[in-house]
Each structure stands twice: as structure tokens, then as C-alpha cells.
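Chemist: show me how the following folds:
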Amino acid sequence: MYKRIYLLKFNFLLVTAMLAALMAATAWTSHNAFAHFPYAENPGFVRMDMRYLAYMPEARKLTPAPIEGNAKSVPVLMYHGITRTDDSPIPADGYSVSPETFKDHMFALKRAGYTAITTTELEGFLLAGKELPDRSVLITFDDGRKDSFFPADPVLRALNYKATMFVITKFSLYNESVFYLHDRELEYMHRSGRWELQSHGKDDHEHYEINEDEEQGIFLTNKLWLPGEGRLETDDEYLRRVRAELEISKQELDDRYGINVTSFAFPFGDFGDRETNYPGSKDVLMSQVRAVYKLSFFQHGADTRFTHNHPAQFANDTFAHVYRVTVNSTWSGDKLVSYLEQGRAKPLPYHDAMDTDAGWIRAWNNAHFADSRMRLTPIATEAGAGAVLDGTYTWGNYSLRADVGVNDGTSVYVWVRFQDDANFAACNFGDGFLHIEESVGGVKRVIEGTREVGDLPNRTFTVGVDVVGRNVTCLIDGVPVISTQYLDPSLSHGGIGLKTWNDQVNVAKMDAYGLSVVPLDVG
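Modeler: Next up is the predicted model:
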């Protein structure tokens, strides 16, 4: 009994001594860096240090997988809150994960060999050809929430990871809040070296009247209603308001913390591509963001079929519009790593036996894997179903073969050089016709076509596409049927996908039993 009491006292004294040493070290360093932020003012910092000490033994035992070469693409993760499950004054929401889940995510990434980078490093990689280690990842948080920083920082600190916080200056730089980080906490984050502070706007997270019926809309993507004048903003008034909003949040952060903010995260992930009372909002907004920042960040892209960001997307550009993965709160750390691994650049030659999902991104449809096949079926309101294979964006010249089976009256559509929903090439195999099609900037056209073919075989057959330079050839069961030499030069690279279509809603069905892609020489 006395031995147990002695051990308890010893452990208590040990932890107390460690914490005192840590606080003393912090106090010593903070003579210059944190002198304006006494520890006693916020007990949350003491709790952070305790969590950090608790995580360190596990972090020290962790052996990361070795880094192999340089990154070909980079995923960006988006978090909001890390809500506690007990006494948090902030209610849980659909955008938050638990502290246990976040820790599991970060430790799993570290074990898998992922390196946490900064937006500055991402900018260099995407726009300036700078190298990054393989499995680089950018970890981001939106809104400047207390319940993201305080639970996340001890984990990041233990793993020597960095993260980016997108700050709403209206809520953080002017008034203290139980929800948003305030000025002194942001100062601590900046000086810690673990956190980047970037812009999430100033006034743009509140909704405003957008018509005479007092309906509310998103600040940046709608013209505002001017009740005193009984009208909407003019085009020029909208542009000037958007530009001022983008500039003021950057300027406030730059001036307050002596930094150079280069990145902007769109509130709600909306950059004018969804519901708006001004159809020109997307073009105006993107032009103004481009004029103020180097990077913009979005999520929920309806036409985004690749989870990673590639330098080829922004070739010869000085600005990058970057996609973020919204982290699912139900994912384990292993599930998160598996998801990111599926989006990594896939090497050629490539073979998919369809026994498991290798990263097929669904497009308005269902895709099920069973019995060594991928079955594509539409949702109830659609006539087609499709999926694009993640990790294939950078493929250039290749030959694709896929063993497929369809029901009567259903077409097989093979995407090649697929960049996004507005830019791709395809072979469209249907009953009595075969077309080579392309879409550039959303403008679709048939390059070559023939109706001198019979109905599709009422069995499993092989569709094929060879694409080299501007040449495209469509094949059935290994036999070339039509070809073209006039593919648009902008479609010089891109991934692959499969789609099926029927004139009737919710009827189309296609089974893909296997797929092989091999590289082709330009010569």
C-alpha cells in the first residue's frame, strides 16, 4: 500500500516537474515572443501542454514509412472543429471530428510517411516547379475556431506537423469570443512555427438580403439588395465590394502579424458555381481572387473527379484554384490513408481486376464492386452512370482496353484525357453508331463518327481506345473502327473513366470486369 502511494506521489511530482519545466521554458522564450500572453490568462494552454506530454511517448515510438522520391501530386485536407464529447460549450456539427479521431488521423498519416507542408510550399510545387517529398499533404482548418486549435496543436506538436488556419478577421481581431480564436491566440499560433494564418475573409460569413423579398444569400457570390434604393447592386458596385472584402482581410492579417497572406479559402466552398442571383459572379469573383492571392481553396466541387492537386493543372499560370478533401468524421486513420493512397498518381502500365475499389470517383451514380466486377447504375432520376479513376490525371499517351457488358439499348462511353467535366475526350459506343467526342471548356462536339456498325454485342465484349498526341482510335474486340487526328491540343493529358447511358431514366446498367492501360510512344 505504501509502495502504491509512493508511486502515485512520484508520478504526480514527475508530471508536475515536467510541466513546470515546460512552462519555464515557455516563459523564457516568451520574453520576446509571447510576453503579452501570460499562461495564467488562459488555462487552455496548460491543458494543451498536458495533452502534448501525454502524446509524446506514443509519438516517439512511431516509425514513419520511408520517403520514396518526390511528390507528383498533393492532397489538401479540410477540418473545422475538433469537438470534445463531454463539456464543450460548442455543439457538435457535421463538419467536426472528435479529438480521438483527429489524433488517429494524424498518427496514421505519420506512420504512412506523410509530410505536412505549408501553403508556401504548395504554391512553389504547383506554380514554380519546386520539389516536395513524396506523400506531402497540406492540413487546413477553417474559421479560426478555438475548438480546432486547442485540441489539434498538441497532436501537431508531438508529430512535428504543421497546419494552416483560415481566419475570419471580423470574428477574431476585434472581439473576444467563446467560439473564435482571438488576436493573442493567433499571435501565439503564428510564433509557434506550427501554424500558418491565411484568409477566410472578413464580412463574408454572414448572409445578407439579395432581393426585395428579404431572402438571404452568400455575401461573395450574390449581388446585395439595397433597400434604401430599392434595387440590387450594379455590376461595378458588386466588383468593388468583392475586391474590398478580399483585400481588407489580407491587409488586416498582414499588418497585425507581419506576414504575407497569399491564400484565400472560399466561405462555404462557394466561388459562384452554385445558386446565385448574378450569373457573372463566378468570373468576377475568380478574377478578383486571382488579383489579390496566389492560391484559393474550395471543396464540394460538383465536377471535381480527382482528389489530389497536380502541377499540370496550373501549367504556365501564376495562380492555383486548389481542391480540398472534406475529411469524413466517421473515417478511421487507416481509412483516411487508404483514401489518399487511392488518389496518388498511378503508374503505367496499369491493370484493374475490379475486385476492390481502386479509387473510382462516382459521377451522379452508384458504383458497386462484387464478384470481380464494377457495376455502374444510375440514381433514380438519372439516365446515365459514370466513374473516373483517381490518380490518372497526368497520363498522356496510352492504350486502354476494358471488358464490359451492358443491357439492351445502353451505350458504353469511355473517357480518355479526362481533366474535369468540361474538358475530356471520349469514344461513345452505342447500338448502330460509334462517335469520337471531345469537350473543351464545356463546349462539346463530335470529331468523328460512323453509323456503319451494328448493335453492341449482347455479351461481354472489349472496348478500346488508343490516344497518342492528337490521334484517337476507337476499337471493339481489338478491331479499330474509327479514328481521328484532330483532337484539341489542350487535351494533351488526362485520366480515364467509364460511363453508361440509356434513353430511359434509371435503366442503364454496365458491368466492367477488368481494365488494362499501357503507355504508347509518340513516335
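Chemist: tell me how far Gly280 lies from Asp235.
Modeler: Distance of Gly280 to Asp235, given as Cβ to Cβ, to the nearest Å: 7 Å. For glycine as for every other residue, the C-beta is placed from the backbone atoms N, C-alpha and C.
Chemist: make that Val292, sorry
Modeler: From Val292 across to Asp235, the span is 19 Å (Cβ to Cβ).
Chemist: likewise Tyr350?
Modeler: 48 Å.
Chemist: low-scoring stretches of the protein, by residue?
Modeler: 1-41, 84-94, 301-303, 523 (pLDDT under 70).
Chemist: ok, now with 50
Modeler: 1-15, 17, 20-40, 86 (pLDDT under 50).
Chemist: quick one: the helices in it?
Modeler: In the chain, the helices defined using DSSP state H lie at 2-29, 43-61, 99-111, 119-127, 146-159, 169-172, 183-192, 235-257, 281-292, 333-342.
Chemist: neighbour count for Val292 and Asp235, which is higher?
Modeler: Val292 (19 against 12; other Cβ atoms under 10 Å).
Chemist: and the more buried one, what does it touch?
Modeler: By Cβ atoms under 8 Å, 6 or more residues apart in numbering, Val292 lies in contact with Arg243, Leu246, Glu247, Lys250, Phe264.
Chemist: return the member of those nearest to Thr392.
Modeler: Comparing these against Thr392 with Cβ to Cβ places Phe264 closest, at 29.1 Å.
Chemist: burial count for the residue nearest to Ala65 when sequence neighbours are not counted?
Modeler: Counting by Cβ to Cβ, 6 or more residues apart in numbering, Ala65 lies nearest to Gly113, which is 3.5 Å off, once chain neighbours are set aside. Other residues near Gly113 come to 16 when the count uses other Cβ under 10 Å.
Chemist: center of the protein - which residue?
Modeler: Arg324 (1.9 Å; Cα atoms, centre = their mean).
Chemist: that one reaches Met78, doesn't it?
Modeler: Yes. Under the criterion of Cβ atoms under 8 Å, Arg324 makes contact with Met78 at 4.1 Å.
Chemist: overlap in contacts, these two.
Modeler: Thr140, Phe297, Gln299.
Chemist: residues in contact with the nearest residue to the last one once chain neighbours are set aside?
Modeler: On the basis of Cβ to Cβ, 6+ apart, the spatially nearest residue to Gln299 that is not a chain neighbour turns out to be Gly269, at 4.2 Å. By Cβ under 8 Å, 6+ apart, the residues touching Gly269 are Phe298, Gln299, His300, Gly301, Arg324.
Chemist: ranking those by neighbours, who comes first?
Modeler: Ranked by neighbour count (other Cβ under 10 Å), those have Arg324 at the top, with 24 neighbours.
Chemist: so the chain: which segments form each domain?
Modeler: Using automatic domain parsing, the domain parsing of the chain gives 63-340, 348-519.
Chemist: now those domains as CSV including distance to Arg47?
Modeler: Formatted as CSV, the domains of the chain follow (distance: least, Cβ to Cβ, whole Å):
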stretch, distance to Arg47
domain 63-340, 7
domain 348-519, 39
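Chemist: looking at these, which is closest to Asn42?
Modeler: Closest to Asn42 of the domains of the chain, according to Cβ to Cβ: domain 63-340, at 7.5 Å.
Chemist: mind checking the end-to-end distance for the closest one?
Modeler: Length of domain 63-340, first residue to last, Cα to Cα, to the nearest Å: 19 Å.
Chemist: next one: stretch 310-327
Modeler: Stretch 310-327 has an end-to-end distance of 20 Å (Cα to Cα).
Chemist: which ones are touching the residue nearest to Ala65?
Modeler: Counting by Cβ under 8 Å, 6+ apart, Gly113 touches Pro64, Ala65, Pro66, Ile67, Glu68, Asp134, Arg135.
Chemist: please report how far the closest residue to the fourth one other than its chain neighbours lies from Thr63.
Modeler: Excluding the flanking residues, the one nearest Ile67 by Cβ to Cβ, 6+ apart is Pro133, at 4.8 Å. From Pro133 over to Thr63 the distance is 17 Å, taken as Cβ to Cβ.
Chemist: ok, Glu196 next?
Modeler: Computed as Cβ to Cβ, the Glu196 to Thr63 distance reads 28 Å.
Chemist: out of the two, which sits in the more crowded spot?
Modeler: Neighbours of Glu196 and Thr63, each counted by other Cβ under 10 Å, are more numerous for Glu196; the result is 21 against 8.
Chemist: check contacts around that one.
Modeler: Here Glu196 is in contact with Thr118, Thr119, Thr120, Lys162, Ala163, Thr164, Met165 (criterion: Cβ under 8 Å, 6+ apart).
Chemist: with Thr473 instead?
Modeler: Val465, Asp466, Val467, Pro480, Ile482, Ser483.
Chemist: how about Glu214: what's its closest non-neighbour residue?
Modeler: Leaving out its chain neighbours, the residue that sits closest to Glu214 by Cβ to Cβ, 6+ apart is Trp225, at 7.9 Å.
Chemist: sorry, that was for Gly409
Modeler: Leaving aside its sequence neighbours, Gly409 sits nearest to Asn502 (Cβ to Cβ, 6+ apart; 5.6 Å).
Chemist: likewise for Lys250?
Modeler: Val261 (4.6 Å).
Chemist: would you agree that neighbour is in contact with Leu197?
Modeler: Yes. Counting by Cβ under 8 Å, Leu197 is a contact partner of Val261 at 7.2 Å.
Chemist: so what sits against both of those two?
Modeler: Contact criterion Cβ under 8 Å, 6+ apart; residues shared by Val261 and Leu197: Leu253.
Chemist: how much space between the residue nearest to the centre of the chain and Glu382?
Modeler: 26 Å.
Chemist: could you do Phe418 as well?
Modeler: In terms of Cβ to Cβ, Phe418 sits 19 Å off from Glu382.
Chemist: those two: which is more packed in?
Modeler: When Phe418 and Glu382 are compared on other Cβ under 10 Å, the one with more neighbours turns out to be Phe418, at 26 against 18.
Chemist: what separation do you get for His205 and Phe306?
Modeler: Taking Cβ to Cβ, one finds His205 at 28 Å from Phe306.
Chemist: now Ser73
Modeler: Applying Cβ to Cβ, the value for Ser73 to Phe306 is 8 Å.
Chemist: try Thr120
Modeler: Going from Thr120 to Phe306 by Cβ to Cβ gives 23 Å.
Chemist: Leu220 too?
Modeler: Distance, Leu220 to Phe306, by Cβ to Cβ: 25 Å.
Chemist: cool, and His435?
Modeler: His435 sits 25 Å away from Phe306, going by Cβ to Cβ.
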